[in-house]
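> here is a sequence with its predicted model. Questions after.
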Amino acid sequence: MRLPRLSLKAAWIAIGIVLVVLAALPWFLNSYYVGIAIFIGIQSMVTVGLCLLIGYTGQVSLGQAAFYGIGAYVSAILTATYGVNPWGAIIAAALITGGFAYLIGIPIMRLRGNYLAMATLGLGIIMYIVFREAAQFTGGNTGISGIPYISIGGLVFDTDMEYYYLVWVFCIAVMFIAQNIVNSRTGRALRAIRDNATAAEAIGINVAQLKVRVFVLSAVFASLAGSLYVHYLTYISPQPFDFSFSVRLLLMAVVGGLASIWGAIFGTTTVTFLGDFLHGFGELDTIVFGLVLVLVMVFLPRGLWVHLLAYLRKWGARRRPGARSKAPLRRD
């Protein structure tokens with residue numbers, strides 16, 4: 001069942017409300033929750049790329065943490081070790097991550113189903129080992145410290161309030177780019193590939209090329225998020241980029257709706273607060289995340305956010321004046 005489309009006016013009103021809420025939000029939160037909102041914005045960027053890759057192209061990936069980590073480590077190494085300007089490091093990290101994704105995407109994107117999932121899982125595990133063992137460059141388990149803050153002229157983003165706005169400008173820009181792709185001719189081609197790759201190729205769509213392009217784009221989004229992550233914490237170690245983080249990213253995409261770009265914020269927010277609640281329970285969080293992932297996939301396959309929207313629209317239609325009068329009259 002497809003959701004009814006919002007009118008252009010209603011869509012812009014909804015976007016305006018979201019932007020106003022995001023702009024005002026940090027003024028009503030303490031520093032702890034502003035920090036959480038920053039992480040939600042950063043991880044939403046990764047989730048958006050995952051939604052494009054899985055929800056619109058049908059390519060399952062369990063290795064987004066690898067690209068997130070590559071972007072983070074390249075930015076950290078270039079700035080802390082070689083003194084490169086953070087903006088130059090962010091751009092270089094995105095280019096390096098995108099180039100790496102392109103090289104491995106050509107063979108990996110030829111795989112399908114479980115084989116693709118296992119290949120991307122292997123990629124994530126390999127990169128985590130590299131982050132941990134290549135101590136000469138990455139600092140190993142000790143990590144890298146002294147990473148500089150991002151600045152524009154004399155404005156240094158060294159407070160949570162300032163960094164909040166920087167992160168969400170990037171996040172909203174990524175979402176608009178993804179939404180424009182989804183609504184374009186390319187988006188229709190991606191949906192055709194997801195539904196039936198053989199039929200899509202038969203009507204002239206370059207399936208292999210589009211798969212690789214979306215794979216690279218999702219990697220670049222993850223790289224940007226990783227760069228923002230390290231310039232916020234000014235420290236990096238391998239631990240945040242392990243397999244459990246890839247599972248968490250997948251859960252964020254599933255909860256928000258794999259085919260819902262704006263649902264990525266909802267999914268990321270839900271999983272982030274769930275993880276914060278489970279933080280003191282050790283390895284229990286991984287078990288709970290896996291259980292929630294299974295339950296959502298079985299009972300709410302379109303995602304919790306999409307089902308919630310459908311319910312709200314249905315409830316609103318019932319509450320609308322004259323809705324009952326449209327029912328056919330009964331003849332006695």
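Done, it's in.
> around the residue nearest to residue 85 when sequence neighbours are not counted, count how many other residues there are.
What sits nearest to residue 85 in space, not counting adjacent residues and going by Cβ to Cβ, 6 or more residues apart in numbering, is residue 79, at 7.6 Å. The C-beta positions use only the backbone N, C-alpha and C, and glycine is treated the same way. Residues within reach of residue 79, counting by other Cβ atoms under 10 Å, total 27.
> swap in residue 237?
Count around residue 237 with other Cβ under 10 Å applied: 17.
> so the closest residue to it other than its chain neighbours versus residue 85, what's the distance?
Excluding the flanking residues, the one nearest residue 237 by Cβ to Cβ, 6+ apart is residue 143, at 3.4 Å. Separation of residue 143 from residue 85 (Cβ to Cβ, to the nearest Å) stands at 22 Å.
> coming back round to it: is it true that the residue nearest to residue 237 touches residue 236?
Yes - the criterion here is Cβ atoms under 8 Å, and residue 143 meets it with residue 236 at 5.4 Å.
> comparing those two, which residue is more hemmed in?
Between residue 143 and residue 236, counted using other Cβ under 10 Å, residue 236 has the larger neighbour count: 26 against 17.
> what sits opposite the more buried one in the beta ladder?
In this entry, residue 236 is beta-bridged to residue 144, by DSSP bridges.
> give the contact list for it.
Neighbouring residues of residue 236 by Cβ atoms under 8 Å, 6 or more residues apart in numbering: 72, 73, 76, 139, 143, 144, 147, 229, 230.
> 6 Å - rerun?
With contact set as Cβ atoms under 6 Å, 6 or more residues apart in numbering, residue 236 has these partners: 72, 76, 143, 144, 230.
> mind listing what the fourth one touches?
By that I understand residue 144. 76, 80, 236.
> number of residues surrounding residue 89?
Residues near residue 89, counting by other Cβ under 10 Å: 26.
> so what's it closest to, chain neighbours aside?
Nearest in space to residue 89, with sequence neighbours left out and distances taken as Cβ to Cβ, 6+ apart, is residue 78 at 4.0 Å.
> so that neighbour, which state does it fall into?
Per DSSP: H, G, I helix; E, B strand; the rest coil, the local secondary structure of residue 78 is helix.
> now swap in residue 274 and tell me
Relying on three-state DSSP, one would call residue 274 helix.
> low-confidence ranges, this protein, go.
1-12, 14, 282-283, 307, 309, 311-312, 316-317, 319-332 (pLDDT under 70).
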